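Chemist: Okay, sequence plus prediction incoming.
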Amino acid sequence: MKASELRGRTPQELEAELAQLMRAQFSLRMQKATQQLTNTSQLRKVRRDIARVRTVMAERGAAGGRS
């Protein structure tokens, strides 16, 4: 997922995407803890996607506060 794709989404869609990514991250963490996760690079990808979503949300919040 690219930041440019996220910028085209509505705030509600971003919230939904963030919730979905947080659930995915939790699931991957549990798989890692129980040694069921074979592809550990998924954790990094999900963590970075969460950061992208939060960055876009923060940009919109900062832009909305300007006069």
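Modeler: Noted; the coordinates are in hand. On a predicted model such as this, the values are computed, not experimentally measured, just so you know.

Chemist: The longest helix belonging to the chain - contacts with which helices or strands?
Modeler: For the chain, the helix with the greatest residue count under DSSP state H is helix 41-65. Judged by 3 or more CB pairs under 8 Å, 6 or more residues apart in numbering; DSSP states H and E, helix 41-65 is in contact with helix 3-7, helix 11-33. Using the backbone N, CA and C atoms, a C-beta is placed for each residue, glycine as well.

Chemist: any chance of these in JSON lines, plus distance to A58?
Modeler: Shown next, in JSON lines, are the helices and strands packed on helix 41-65 (distance: least, CB to CB, whole Å):
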{"stretch": "helix 3-7", "distance to A58": "12"}
{"stretch": "helix 11-33", "distance to A58": "11"}
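
Chemist: Lowest mean pLDDT across these, which one is that?
Modeler: Lowest mean pLDDT of the helices and strands packed on helix 41-65: helix 3-7, a mean of 91.

Chemist: buried residues in it?
Modeler: L6 (16 or more other CB atoms under 10 Å).
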